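Q: Give the three-dimensional model of this entry:
(4 chains)
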There are 2 protein chains.
Amino acid sequence: MVGKVYPAVRSPSHGLTPRRGRPGHSLESLLAVAVHAFIERGYEATSMDELASRLGVTKSAIYHHVPRKDELLRLALDRALDGLFAVVAEPAAGSGPAIDRLEHVVRGSVRVLTDELPFVTLLLRVRGNSTVELAALRRRREFDRVVTDLVRAAAAEGSVRDDVPAGVVARLLFGTVNSLTEWYRPDGRLSADAVADAVLATAFSGLRTT
Amino acid sequence: MVGKVYPAVRSPSHGLTPRRGRPGHSLESLLAVAVHAFIERGYEATSMDELASRLGVTKSAIYHHVPRKDELLRLALDRALDGLFAVVAEPAAGSGPAIDRLEHVVRGSVRVLTDELPFVTLLLRVRGNSTVELAALRRRREFDRVVTDLVRAAAAEGSVRDDVPAGVVARLLFGTVNSLTEWYRPDGRLSADAVADAVLATAFSGLRTT
DNA sequence: CCTACCGATCGGTAGG
DNA sequence: CCTACCGATCGGTAGG
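A: This is a model prediction of the structure:
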């Protein structure tokens, strides 16, 4: 279902086709335009003709690069998910006090969100209305489970509050992180690092000073 | 644009038509089914025929109650927005220390979210792809401005951290609150009051205990 | 025999 | 609240 192969796919799970080491330029720009349109108008509300029009090509030209519309969605969602799973696979996410590992995963997630903003934005809008969306939701829930386990471990250490269930703390924490897609813009006043600092300070220590 | 009138509208801004004091039962159930479908499948991806099928009537029967599909969206979004504005209009939101007023508005917003979950969920998915959505976004931004002003006043009082811009603190705070629509369910383990307590404790004091 | 497309149209379904 | 439709557009594919 996920590993369905179409001509010339050799690269990692994001499915790009870098022929002889060069980046697959036209699929890449197609994907960028598609993700932009999916975010702006919604996936189902975006027609292949609209994508074609934005790209200045015909609809048939798009079908040269992808076999179906939902392949565009799958490529985009996998890119976001690959980024998030790369964070929890980093050594710093696997050793040391749980509170430090949690901080590392939050900072890494903010970095993925700011670096791959359109892809993560699209991921957070997915509701499970197709097999592609269901597969993405499954991977996302797996990521959430890792974070919840970290929060639970940090609470057991005594470094995270235990008057609120760990699952609720994890959800509120990632609700805060994920809400960045609603307003963070790379060309805005705040740098990606400043945003990460703001999220960490506010979420970990709270907004109240008194 | 917003006040466009269609036959027999006499009630407040939610636009229901309670004839002779009796609640408009069929519009109410139509709205409930429509909002449910819009959340599940997306507004544009939901066809009027699908709504008719869910209701066990024909598509034309729906057009007896609303003149256009987007009227269903407008009614739903106005209900969520009316609830939120009712909170900031409460006396406790207008007097006393800013930090207390902010806490009151957050608690009230969580209450509206839990009480009118489907309507608020739909509101938070709106992206401005039509005049109805743009009007809702305008009202929502007005609400956000009130909250940001409260955060700024609380920071000026010295009761909210000032190492992060007030606008960012406000966005993160309401990112946390709004993320409740992603997982809170009225029939779940946590009561609405317990959720409000969890949000207040986590957002105001932080998740870290050390 | 390959790639990167084109103009035209398929069977169905959208909102109204 | 129904049957019977409309102009248009949907995702996907034909031959060249």
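
Q: Tell me which stretches of chain A form helices.
A: Remark: helices assigned in chain A by DSSP state H are A:25-41, A:48-55, A:59-65, A:69-88, A:98-115, A:117-125, A:131-157, A:166-178, A:192-205.

Q: Flag every buried residue along the shortest one.
A: It stands for helix A:59-65. A:I62, A:H65 (16 or more other Cβ atoms under 10 Å in any protein chain shown). Quick note: C-beta positions are derived from backbone N, CA and C, even for glycine.

Q: quick one: is it near DNA strand C?
A: Yes - for helix A:59-65, a contact with DNA strand C is found by Cβ under 7 Å from any atom of the strand, at A:K59, A:S60, A:A61, A:H64.

Q: Of those, just say which sits nearest to DNA strand D.
A: In terms of Cβ to the nearest atom of the strand, no member of these lies closer to DNA strand D than A:S60, at 3.9 Å.

Q: what about that closest one, distance to B:D78?
A: A:S60 sits 43 Å away from B:D78, taking Cβ to Cβ, to the nearest Å as the criterion.

Q: if I look at A:E157, how far off is A:R101?
A: In this view, A:E157 and A:R101 are 10 Å apart by Cβ to Cβ.

Q: So which of these two has more stuff around it?
A: Legend: neighbour count by other Cβ atoms under 10 Å in any protein chain shown for A:E157 and A:R101, higher for A:R101 (20 against 13).

Q: got a list of what the more buried one touches?
A: A:A92, A:A93, A:G94, A:S95, A:L150, A:A153 (Cβ atoms under 8 Å, 6 or more residues apart in numbering or on different chains).

Q: from the helices of chain A, which stretch is densest packed?
A: With neighbours taken as mean count of other Cβ atoms under 10 Å in any protein chain shown, the helices of chain A reach their highest mean count in helix A:166-178, at a mean of 23.

Q: what packs against it?
A: Applying 3 or more Cβ pairs under 8 Å, 6 or more residues apart in numbering or on different chains; DSSP states H and E, one finds that helix A:166-178 makes contact with helix A:98-115, helix A:131-157, helix A:192-205, helix B:166-178, helix B:192-205.

Q: now check the longest one, is it near DNA strand D?
A: Which is helix A:131-157. No - using Cβ under 7 Å from any atom of the strand, helix A:131-157 never reaches DNA strand D; the gap is at least 10.8 Å.

Q: how far does that helix sit from the chain's center?
A: With Cα atoms, centre = their mean, to the nearest Å as the basis, helix A:131-157 stands 13 Å off its chain's centre.

Q: circling back to that earlier point, mind putting the helices and strands packed on helix A:166-178 in a markdown table, mean pLDDT included?
A: Formatted as a markdown table, the helices and strands packed on helix A:166-178 follow (pLDDT from 0 to 100):
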| stretch | mean pLDDT |
| --- | --- |
| helix A:98-115 | 98 |
| helix A:131-157 | 96 |
| helix A:192-205 | 98 |
| helix B:166-178 | 98 |
| helix B:192-205 | 98 |
